[in-house]
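Undergrad: Sequence first, then the predicted structure, then my questions.
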Amino acid sequence: MKAIVIGIMPQEKIRERVLSIARGEYKPKASEPKIWFTSMRSLAEVLSDENRVLLQVIKDTRPESITSLAEATGRKPGNLSRTLKTMSNYGIVEMKRERNHVRPVAKATEFRIVA
């Protein structure tokens, strides 16, 4: 599993960058961050110690559902679901829909932060 590169930049700069890419004025390099946070504080909330342990548990146990992950971690399914949704929004976790449940998949357990 490859490390995900994360960038930290003010919201306005992120917006300018995205618009520049959309207009074709800028082509990002492969080594540039794919995930952006507006502050170290918001990054710290998403990649807290507890959430990095959660990513490792997902990688190691490959749970079939949020319920089985909740049992493995001792966390409540509702709380866990919110955390996974946030991580999914940033592209750190993928939520795969299968039959009548959702299976979380960790996309990375290592991160390189560019500020």
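TA: Perfect, I can see it now. Numbering: from 1, shown residues only.
Undergrad: in terms of contact, does Arg17 touch Tyr26 like I think?
TA: Yes. Contact criterion C-beta atoms under 8 Å: Arg17 and Tyr26 qualify, at 7.0 Å. Just so you know, the C-beta spots here come from the backbone N, C-alpha and C atoms, and that holds for glycine as well.
Undergrad: gap between the residue in the chain sticking out farthest from the centre and Glu32?
TA: Distance from the C-alpha centroid of the chain peaks at Glu25, with 27.4 Å (C-alpha atoms, centre = their mean). To Glu32, Glu25 is 15 Å away according to C-beta to C-beta, to the nearest Å.
Undergrad: the strands in the protein, which residues?
TA: Secondary structure of the chain by DSSP state E: the strands cover 4-8, 35-37, 93-98, 101-106, 111-114.
Undergrad: For Leu47, which of those is the nearest?
TA: Closest of those to Leu47 is strand 111-114, at 6.5 Å (criterion: C-beta to C-beta).
Undergrad: any idea how far Ser68 is from Phe111?
TA: For Phe111, the distance to Ser68 - C-beta to C-beta - is 25 Å.
Undergrad: Lys85 too?
TA: For Lys85, the distance to Ser68 - C-beta to C-beta - is 17 Å.
Undergrad: cool, and Glu98?
TA: Counting by C-beta to C-beta, the gap from Glu98 to Ser68 is 12 Å.
Undergrad: between the two, who's got more neighbours?
TA: A side-by-side neighbour count of Glu98 and Ser68, using other C-beta atoms under 10 Å, places Ser68 first with 16 against 9.
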